[in-house]
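1. Mind folding the following:
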Amino acid sequence: MDERDQGQRWSRRQFLEALALTGGAAVLYPTGEAVADVPPPAAGEDDVGQGRSVLVLGAGVGGMATAILLMRRGFSVTLLEAQGRTGGRSHTLRHGDRVIEVRNGVREEQVCRMDEGLYFNAGPGRIPQHHTTIIRWCRELGVALEPYIMETRANLFQTPDAFRQAPVQNRQVANDTRGWLAAMLYRLAPQVPGVDAAVLRELLLTFGALNAKEHLGEYLGSSRSGYTDPPGVESPGTIREPLSLEQLLRSRFWDHKFYQPEEWEWQPTLFEPRGGMDMIERALARQLGGRIRLNRQVVRVETMPGPIPLVRVTHRNAATGADQQQMTAHFCVSTIPLPILARTDNNFSADFRRAIAAVPFAPTCKVGWQADARFWEEDDQIYGGISYIDHPITQMWYPSSDFFSRKGVLTGAYNYDADAVAYGRMAPAQRLENAAAGATLLHPQFGRSVPRDRGITIAWQNVPFQEGGWSDWKPEQVDEYNRLLCPEANVFWVAGDQMSYLPGWQEGAALSARYVTERISGPAHLLGAPRPRVRRAPDARAVVQGHRQ
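-> Residues are numbered from 1 along each chain as shown. This is a model prediction of the structure:
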């Protein structure tokens, strides 16, 4: 905003009257360009947007949520989406769907060959209980949610440093560690200042399942860690020998996401849409009808100063590069991933350009497997949750629904950082081969029940128009984050989960949609409202992977 306008105060009525007097964008720019003038819905929450148009770039969850909120306030909205589908990174793969990657400049295509009715959430796969904004969207749009199981004590853990021969159960690692530490503290209780040692020891006896009789305060193992022979009619069962403290320390299990379920984002209860994560994006798309234009790649963005500032977007057919068109609107909201936006031709100010270019997207890969028998349930009594392993696959997710059915879909890898970079360099077939080897370490019966031609993989950093899984903000990038929370030339906004403290989560996209809508709808952009000053940028690693991972 120009300094000469700082003292000007426009009411909503005055703004709309001024717009009407000028004849709107068609009078100011009679160039024959298309204007984003799709009619708003007949009934909305407000009329503040009447006579004003918005271009939304990207039809992922954030872009579609933004468009719907703006429509409800009377704005006419058009969405431009470079891909041939909606949803962005919220992508569920079903029979016949294709995954396109570009690796070393070569386009590679996979076809999902899972049976009809099965699906693989190749992007987000869970919704935490405290992500109330996206949960409200689900309730409003009629998207049924069911529990997502993050952890069970039957889940497995394996590292070659300590458990080379076979994986151990989560319950063994969790409870034997607790037992050994409780026993050490039991002995030291009288030396703990400021507490009643006797009361502390009472706590530790229960906390660590310590022996309370002849070997008072020692850890001798516990039924919490499971049985080698379960209780029956003629036998009380045989409790497992505890894992040694030396084994547990040598495994460095805490470095392999073992405590991720204790982090705020993953604490129970979590949810998933019944029938696949794409139920959310499908419901959002239905609200928008014909306002979404697919296969339209943005090639230039221009802010246009004037009595009523505008923004002009040049776009073309994403597949052919032909059919170049221009659209002009009063506002533009971009959910284009920041690294791609940084390469898009524009006339942005230098500080805005620097902020956009400062934020890379993180590599991440997933693998999905169709299993023709749910061996993890039958053989290991695993019903949902995640097994972790010191292997490039990092983890294996088990389905949280359709228990006891015949078939199911496993998430056979979900990795980050160097593992994701290495997977992204592999051809998909090689990636699947490596993932199958990791899965066999956890489940030797894997190969007997999982046909290799029913596997599919995605390296998000190789996906055109996505190029990664989430914005990889560092907390020290506070100046860049503050700058991108503000519009460029009062007309161009950056939005999506990339502009939230929840990068990589649909909740972040939904919160950003609300943030931008409230500011476009109000007079703040005209009145010179002070810029936000947050104290730190998002910590993407902690939010997506967990602390100490």
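2. Low-confidence stretches in the chain?
-> Along the chain, segments meeting pLDDT under 70 span 1-46, 523-530, 548-549.
3. again, only using 50
-> The chain contains residues with pLDDT under 50 at 1-44, 526-527.
4. SS state for Tyr383?
-> Following DSSP: H, G, I helix; E, B strand; the rest coil, we place Tyr383 in the coil state.
5. so it sits right up against Phe403, yeah?
-> Yes. Tyr383 is within contact range of Phe403, at 5.6 Å (criterion: CB atoms under 8 Å). C-beta coordinates here come from the backbone N, C-alpha and C atoms, glycine included.
6. Overlap in contacts, those two.
-> Counting by CB atoms under 8 Å, 6 or more residues apart in numbering, the contacts common to Tyr383 and Phe403 are Glu377.
7. who has more neighbours, these two?
-> Neighbour comparison, Tyr383 and Phe403: the larger count goes to Tyr383, with 17 against 12 (by other CB atoms under 10 Å).
8. quick one, what contacts that one?
-> Counted by CB under 8 Å, 6+ apart, Tyr383 has contacts Ile149, Thr152, Ala154, Glu377, Tyr398, Phe403.
9. how about a cut-off of 10 Å?
-> Tyr383 makes contact with Ile149, Thr152, Ala154, Asn155, Arg374, Trp376, Glu377, Tyr398, Pro399, Ser400, Phe403, Phe404, according to CB atoms under 10 Å, 6 or more residues apart in numbering.
10. again, but for Thr394
-> Shown in contact with Thr394 (CB under 10 Å, 6+ apart): 256-257, 365, 386, 388, 413-417, 419-420, 438, 545, 549.
11. Which one of these sits in the busiest neighbourhood?
-> Top of those by neighbour count (other CB under 10 Å): Ala413, with 30 neighbours.
12. Which parts of the stretch 1-150 of the chain are strands?
-> Ranges of strands in the stretch 1-150 of the chain, per DSSP state E, counting those that start in this stretch, are 34-35, 53-57, 76-80, 92-93, 98-103, 106-111, 120-121, 127-128, 145-148.
13. Including distance to Glu281, could those go into CSV?
-> Listed next are the strands of the stretch 1-150 of the chain as CSV, based on distance: least, CB to CB, whole Å:
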stretch, distance to Glu281
strand 34-35, 26
strand 53-57, 14
strand 76-80, 12
strand 92-93, 8
strand 98-103, 17
strand 106-111, 21
strand 120-121, 12
strand 127-128, 13
strand 145-148, 15
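14. Which of those strands has the highest mean neighbour count?
-> Comparing the strands of the stretch 1-150 of the chain by mean neighbour count (mean count of other CB atoms under 10 Å), strand 53-57 comes out on top with a mean of 28.
15. and it, what does it pack onto?
-> Under the contact definition 3 or more CB pairs under 10 Å, 6 or more residues apart in numbering; DSSP states H and E, strand 53-57 sits against helix 61-72, strand 76-80, strand 296-304, strand 310-317, strand 325-329, strand 331-334, strand 492-494, helix 506-521.
16. Can you give me the buried ones in the first one?
-> Right, the one you point to is helix 61-72. Within helix 61-72, the residues scored as buried using 16 or more other CB atoms under 10 Å are Val61, Gly62, Gly63, Met64, Ala65, Thr66, Ala67, Ile68, Leu69, Leu70, Met71, Arg72.
17. Over to stretch 178-194?
-> Neighbour counts using 16+ other CB under 10 Å place Arg178, Gly179, Trp180, Leu181, Ala182, Ala183, Leu185, Tyr186, Ala189 of stretch 178-194 among the buried residues.
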